[in-house]
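Q: here is a sequence with its predicted model. Questions after.
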Amino acid sequence: MESSTVTTKPTETEPTDDDALRPPLPRELTHRGDPFTPPPALVALAERSPVTRTALRNGDPFWLVSGYDEARAVLSDTRFSSDRFRNDALFKHLPERFRARMRDEKIRAGSFINMDPPEHGRYRRLLTGQFTVRRMRQLGTRVEEIVTEQLDAMLAKGNTADLVPEFALPVPSLVICELLGVRYEDRAEFQRRTATLLRMNVPADEVLENMDAQRAFMRRLVEDKRENPTDDMISGLIHHAGADPALTDDELVNIANLLLIAGHETTANMLGLGTFVLLQRPDQLAALRDDSSRVGDAVEELLRYLSIVHTGLFRFPKEDVELAGEHIPAGATVVISLLAANRDGQRWPDPETLDVTRSRGPHLAFGHGVHQCLGQQLARVEMTVGYTELLRRLPNLRLAVPPEEVPLRNDMFIYGVHALPVAWDTP
Amino acid sequence: VKVHADREVCIGSGLCVLRLPEVFDQSEDDGTVVILRAEPAADEEAEVVNAVHACPSGALRVDP
């Protein structure tokens, strides 16, 4: 893509539509003005205390957890519920037709990201065997092929590209589609819909339409795999996972959609934003070019430093809880800022510095506790292969626009860049 | 030290396997932790303690 065509930033007007589904956090707590610096308002709260009572956009109180130790404590404490379907304080500003949908059992079935133990464990246990370190490393060869195909196509076209649509997005998208058994020709359709579902401030009706369309799309796939099983994860869940009782179509549809959406935009944004930050930190980039065996550690540091789940994680105490001197009543809204926790100076020396040689420590970019990212080992393989090959195949990779013109995903639930125009020397 | 794992609690994150593949593995069936060496070598002890600390589910424990 010509660099001159990607200089427009997305509009970021302050939301006014009361029907919009948007994060209930004040914008100043999530909006990153500088691409790699946490919002100043978030830093100010984190400096005051690791757990702070403050106010949602609608004026209701919530507790922001910004300390590393406190974040780990909340995320591994079963007194805190993940069930946003049953804690609809977040949705109470929305019209009843929307709230009714949130309580609909067909929508909730199998959506284990929103479930608490022991219900959560039933679904998670059906899937963990599919995402082990060994399985994901075996998949590495296929990931390498997909990465190579994308880079070959970029190189064939010249020496410039928008890295987001030509590399960062298709790599994890092709991998997860193949794992699940989503047909290649359906990929564009689902990518478009996912992008809408992850956009903030979309009118609730449009979100509902998209959810319905995505569920219908997945239902057709599940029905197809029921009749014609192939060697993929959806067929496996239907025919071989040993679920007792067997999974219903509603459960399968929601599980598959969860994996498809979670497995796609997250890694895509780590590849896009991670490349952007490396291009802005030439010493760090040089360290990786000099020694590709450092990429594994670099991936962990990029995960910590960028923490792309930028609205944080939501939890709801089932009983009154005392935390870091704060009394948090049952049913309150608690938001764990992974970004703040991963920059906690009590935990990390010099946390504001990206240091790809930093010794590995347990960062919270994948969360913590029973909901910690199911696909984290897949993400690690995709990123390690992706960064290694990107740097190896594209000599003198560089930004093709001034850095301030790179459009930031402050308007999305997953942070990153909307576009990343780059250039390289013709090999 | 001696390492214990509670496979009912384990969520199969694989973080211990990444850190110490000589000590930890994952079951082929459900991805939960398998202890390969319950009494790790002296030079592995510090990393075992780190693995216990990093475990997201609290499934790992070390006894002196």
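A: Yep, it's here. Numbering: from 1, shown residues only, chains lettered A, B, ... in the order given.
Q: residue of chain A nearest chain B, please.
A: Proximity to chain B, evaluated over chain A using C-beta to the nearest C-beta, is greatest for residue A:128 at 3.2 Å. In short, each C-beta sits where N, CA and C put it, glycine included.
Q: which residues does that residue contact?
A: Contacts for residue A:128 were tallied using C-beta atoms under 8 Å, 6 or more residues apart in numbering or on different chains; they are A:374, B:11, B:12, B:30, B:31, B:32.
Q: what about the fourth one, distance to residue B:48?
A: What it means is residue B:30. Distance of residue B:30 to residue B:48, given as C-beta to C-beta, to the nearest Å: 23 Å.
Q: how about the second one?
A: Using C-beta to C-beta, one obtains 19 Å as the distance from residue B:11 to residue B:48.
Q: one more: the third one?
A: In this structure, residue B:12 lies at 19 Å from residue B:48, with C-beta to C-beta as the measure.
Q: would you mind naming what in chain B lies close to chain A?
A: Neighbours of chain A within chain B, by C-beta under 8 Å from any C-beta of the partner chain: B:11-15, B:17-19, B:21, B:25-32, B:53-54, B:56-58.
Q: restricted to helices, list those residues.
A: Restricting those to those inside helices, with DSSP state H as the criterion, leaves B:15, B:17, B:18, B:19, B:53, B:54.
Q: what does the stretch 251-400 of chain A put close to chain B?
A: Where proximity means C-beta under 8 Å from any C-beta, the interface of the stretch 251-400 of chain A facing chain B comprises A:360, A:362, A:366, A:367, A:368, A:369, A:370, A:372, A:373, A:376, A:377, A:380.
Q: quick one, what contacts the residue of chain B positioned farthest from its centre?
A: In chain B, residue B:29 marks the outermost C-alpha relative to the chain mean, sitting 17.1 Å out by C-alpha atoms, centre = their mean. When contacts are counted by C-beta under 8 Å, 6+ apart, residue B:29 is found next to residue A:129.
Q: which other residues reach the helix or strand hosting residue A:221?
A: Secondary-structure element containing residue A:221, defined by DSSP states H and E: helix A:204-227. Where contact means C-beta under 8 Å, 6+ apart, the residues beyond helix A:204-227 that reach it are A:19-21, A:94-95, A:97-98, A:101, A:107, A:181-183, A:186, A:189-190, A:193-194, A:196-197, A:202, A:232, A:234-235, A:238, A:249, A:252-254, A:256-257, A:260.
Q: rerun that using 6 Å as the cut-off
A: Contacts with helix A:204-227, where a contact means C-beta atoms under 6 Å, 6 or more residues apart in numbering or on different chains, come from A:19, A:21, A:94, A:98, A:193, A:196-197, A:234-235, A:238, A:249, A:252-253, A:256-257.
Q: one more: stretch A:261-276?
A: Stretch A:261-276 is contacted by residues A:164, A:168-169, A:172-173, A:176, A:194, A:198, A:302, A:306, A:308, A:375, A:379, A:382-383, A:386, A:414, A:416-417, A:420 when judged by C-beta under 6 Å, 6+ apart.
Q: 7 Å - rerun?
A: The contact list for stretch A:261-276, computed with C-beta atoms under 7 Å, 6 or more residues apart in numbering or on different chains, reads A:35, A:163-164, A:167-169, A:171-173, A:176, A:194, A:197-198, A:302-303, A:306, A:308, A:375, A:378-379, A:382-383, A:386-387, A:390, A:406, A:409, A:414-417, A:420.
Q: also stretch A:177-191?
A: Judged by C-beta under 7 Å, 6+ apart, the contacts made with stretch A:177-191 from elsewhere in the structure are A:173, A:214, A:217, A:221, A:225, A:230, A:232-235, A:256, A:259-260.
Q: work out the gap between it and the centre of the chain.
A: The gap between the average C-alpha position of stretch A:177-191 and the chain average comes to 18 Å, counting by C-alpha atoms, centre = their mean, to the nearest Å.
Q: how long is it from one end to the other?
A: With C-alpha to C-alpha, to the nearest Å as the measure, the first residue of stretch A:177-191 is 11 Å from its last.
Q: which residues belonging to it are considered buried?
A: Within stretch A:177-191, the residues that count as buried by 16 or more other C-beta atoms under 10 Å in any protein chain shown are A:177, A:178, A:179, A:180, A:181, A:182, A:187, A:190, A:191.
Q: and the fifth one, its phi and psi?
A: Summarising the backbone geometry of residue A:181 under the convention degrees, to the nearest 10, its torsions are phi 100, psi 30.
Q: let me see the contact set for the closest residue to it other than its chain neighbours.
A: Nearest non-adjacent residue to residue A:181, counting by C-beta to C-beta, 6 or more residues apart in numbering or on different chains: residue A:232, 2.9 Å away. Residues counted as contacts of residue A:232 (C-beta under 7 Å, 6+ apart) are A:179, A:180, A:181.
Q: circling back: show me which of residue B:30 and residue B:48 is the more surrounded one.
A: Here residue B:30 and residue B:48 are set side by side on neighbour count (other C-beta atoms under 10 Å in any protein chain shown), and the busier one is residue B:48, at 23 against 19.
Q: hmm, who's touching the host helix or strand of the more buried one?
A: Using DSSP H and E, the element containing residue B:48 is helix B:45-54. Helix B:45-54 is contacted by residues A:362, B:1, B:3, B:15-16, B:19-20, B:23-24, B:40, B:60-62 when judged by C-beta under 7 Å, 6+ apart.
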